[in-house]
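S.K.: Structure here, sequence nowhere to be found:
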């Protein structure tokens, strides 16, 4: 453990001078939201101060002051994480980046945009569209920040076609723990110039440097899209269709799966039935939701017809085309509500977002359901079947948080071991944070954990930046 020091009154005053009194919180004036992320079940810790920098220079000054005085700093975006990644485990200073929320400049000739890290995903997506461009990454939490998306390499529903956030980052302005400012990467498509520090920063969850500016790739905006709902008798039959869709060269933008129970819960929660539950007397047990995009409606319909042939041959009850704007809105509002629905239910929940080879999805999910049943734990699941990223929740009506966590930990340990057996990985997009460290260590082994810890040591020899996360001990 590093030799962290408390934040003295003198140092607090220096921080306040840097950001101004309106962008500084201390002691009892700290909003409790800054004690944790969206999963306070993984711990809640009060920082000694919260600062809201306005630009790279202020971030640099804050980091130099804290580095010189051994004050831990936890960087935070919108706080929508699910693994305790922005929880200030050692107190110190929380640096909230949400005042740095400007879309700075589009380069229309080279298809990129410069943004500050506090820009919300929903804001960048809408603004790019207004410029007739597509910002392709589409994580489910639209109120997350772009800096947070980059820090966790968030994926989302369009990853099957467009890749994850990592695939859209061209350059980063980053502040090192000692306050030094670095320009990493270039706004070009190809770079083969030494080790890729850019890709070390991406996905490092705020443990290596503070991101203060990003150059992101954008694409010409597809002006047509079409979704199709495919109901099946069971999950196994639905999943068997996915590689056939991919092999047919239909280039789907997204392929989502959902089980019947989450569809029923969402219909009850929203008071709107979107997904058909009975087709000609047959009860649907699982669904695929497939979306195509492009510039030509006729071409999209041709792909939809080809998909229909595959779906019917693979056991789909029906193929429901979703092409009216109101239908599209209803379907995607329902899909986006899944986590909200689960969180609204009584009791406690724990989560994992494993990724497995898509053809192993049914095997993995059935295994997790069986393990959950053996513990009397309800398992809820949905996810991005096109790339094998599954969102799985342990849910139980209980007031005993410690007992619940102990039980869910047993289920997750078994689930993560099965994930490894099937050739998968611990997280597809939520990251490791504090909550999943031991599972990562079990999965990758001591050599890889030591290599990651060594990289952390090079970037941050005092260990002040987001301590206790990913590969560092408390």
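M.R.: Happy to help now that I have it. From a predicted model like this one, the values you see are computed outputs, not experimental measurements.
S.K.: leaving aside the residues next to it on the chain, what's closest to residue 280?
M.R.: With sequence-adjacent residues excluded and distances taken as C-beta to C-beta, 6 or more residues apart in numbering, residue 280 is closest to residue 317, at 7.1 Å. No exception for glycine: its C-beta is placed from N, CA and C like everyone else's.
S.K.: Secondary structure class of that neighbour, three-state.
M.R.: coil (DSSP: H, G, I helix; E, B strand; the rest coil).
S.K.: That one - how many residues pack around it?
M.R.: Here the number of neighbours of residue 317 (other C-beta atoms under 10 Å) works out to 21.
S.K.: Give me the phi and psi angles of it.
M.R.: phi -70, psi -40 (degrees, to the nearest 10).
S.K.: And the one 5 residues further on, by the same measure?
M.R.: The phi and psi torsions at residue 322 (degrees, to the nearest 10) take the values phi -110, psi 100.
S.K.: If it is in a bridge, with which residues?
M.R.: Taking DSSP bridges, one obtains residue 227 as the residues bridged to residue 322.
S.K.: so it touches residue 331, yeah?
M.R.: Yes: Residue 322 is within contact range of residue 331, at 5.2 Å (criterion: C-beta atoms under 8 Å).
S.K.: Would you map the helices across the stretch 151-300 of the chain?
M.R.: For the stretch 151-300 of the chain, applying DSSP state H, counting those that start in this stretch gives helices covering 159-162, 197-201, 235-247, 260-270, 297-313.
S.K.: Then the stretch 1-150 of the chain?
M.R.: 9-19, 56-68, 121-130, 146-152.
S.K.: what helices or strands is the longest one leaning on?
M.R.: Counting contacts by 3 or more C-beta pairs under 8 Å, 6 or more residues apart in numbering; DSSP states H and E, the secondary-structure elements packed against helix 56-68 are helix 9-19, strand 73-76, strand 93-96, strand 169-175, strand 210-217.
S.K.: Could you give me the buried positions within the longest one?
M.R.: By neighbour count on 16 or more other C-beta atoms under 10 Å, the buried set for helix 9-19 is 11-12, 14-16, 18-19.
S.K.: re earlier: for the helices and strands packed on helix 56-68, which one sits closest to residue 343?
M.R.: strand 73-76 (20.3 Å; C-beta to C-beta).
S.K.: Look up the closest residue to residue 420, ignoring the ones flanking it.
M.R.: residue 443 (5.4 Å).
S.K.: pLDDT score for the one you found?
M.R.: We have a pLDDT of 94 for residue 443.
S.K.: next one: the one 3 residues further on
M.R.: According to the prediction, residue 446 has pLDDT 95.
S.K.: Are we agreed that it is in a strand?
M.R.: No: remark: residue 446 does not belong to a strand; assigned using three-state DSSP, it is helix.
S.K.: and the nearest residue to residue 72 once chain neighbours are set aside, what is it in contact with?
M.R.: The shortest distance from residue 72 to any non-neighbouring residue, by C-beta to C-beta, 6+ apart, is to residue 92 (3.4 Å). Residues near residue 92 by C-beta atoms under 8 Å, 6 or more residues apart in numbering: 4, 7, 47-49, 66, 71-74, 464.
S.K.: One more pass at 7 Å, please.
M.R.: Residues in contact with residue 92, defined by C-beta atoms under 7 Å, 6 or more residues apart in numbering, are 4, 7, 47-48, 71-74.
S.K.: Count residues in the vicinity of residue 66, would you?
M.R.: That count, for residue 66 with other C-beta under 10 Å as the rule, works out to 28.
S.K.: Residue 202 and residue 154 touch, don't they?
M.R.: No: counting by C-beta atoms under 7 Å, residue 202 stays clear of residue 154, with 10.3 Å between them.
S.K.: Between these two, point out the one with more neighbours.
M.R.: residue 154 (27 against 24).
S.K.: ok, residue 162 touching residue 134?
M.R.: No: with contact defined as C-beta under 7 Å, residue 162 does not reach residue 134; the gap is 8.4 Å.
S.K.: can you list contacts of stretch 302-319?
M.R.: With C-beta under 7 Å, 6+ apart as the criterion, stretch 302-319 contacts 226, 228, 230-233, 237, 240-241, 244-245, 248, 250, 279, 282, 284, 290, 292, 321.
S.K.: still on that earlier bit, who touches both of residue 322 and residue 331?
M.R.: Common neighbours of residue 322 and residue 331 (C-beta under 7 Å, 6+ apart) are residue 227.
S.K.: returning to what we had before: from memory the residue nearest to residue 420 sits against residue 426, does it?
M.R.: Yes: between residue 443 and residue 426 there is a contact under C-beta under 7 Å: 5.4 Å.
S.K.: Overlap in contacts, these two.
M.R.: With C-beta under 7 Å, 6+ apart as the test, residue 443 and residue 426 both reach residue 416.
S.K.: So between the two, which is more surrounded?
M.R.: residue 426 (23 against 18).
S.K.: That one: what's it in contact with?
M.R.: Contacts of residue 426 by C-beta under 7 Å, 6+ apart are 354, 416, 432, 436, 439-440, 443.
S.K.: which among those residues gets closest to residue 259?
M.R.: Among the contacts of residue 426, and counting by C-beta to C-beta, the member closest to residue 259 is residue 354, at 15.9 Å.
S.K.: show me the contacts for residue 370.
M.R.: Contacts of residue 370 by C-beta under 7 Å, 6+ apart: none found.
S.K.: That one: what secondary structure?
M.R.: Classified using three-state DSSP, residue 370 is helix.
S.K.: So it versus residue 236, what's the distance?
M.R.: 14 Å (C-beta to C-beta, to the nearest Å).
S.K.: what do you get for residue 256?
M.R.: Residue 256 is 17 Å from residue 236, by C-beta to C-beta.
S.K.: Please report phi then psi for residue 378.
M.R.: The phi/psi pair for residue 378 (degrees, to the nearest 10) is phi -80, psi 130.
S.K.: Name the nearest residue to it, ignoring sequence neighbours.
M.R.: residue 395 (4.5 Å).
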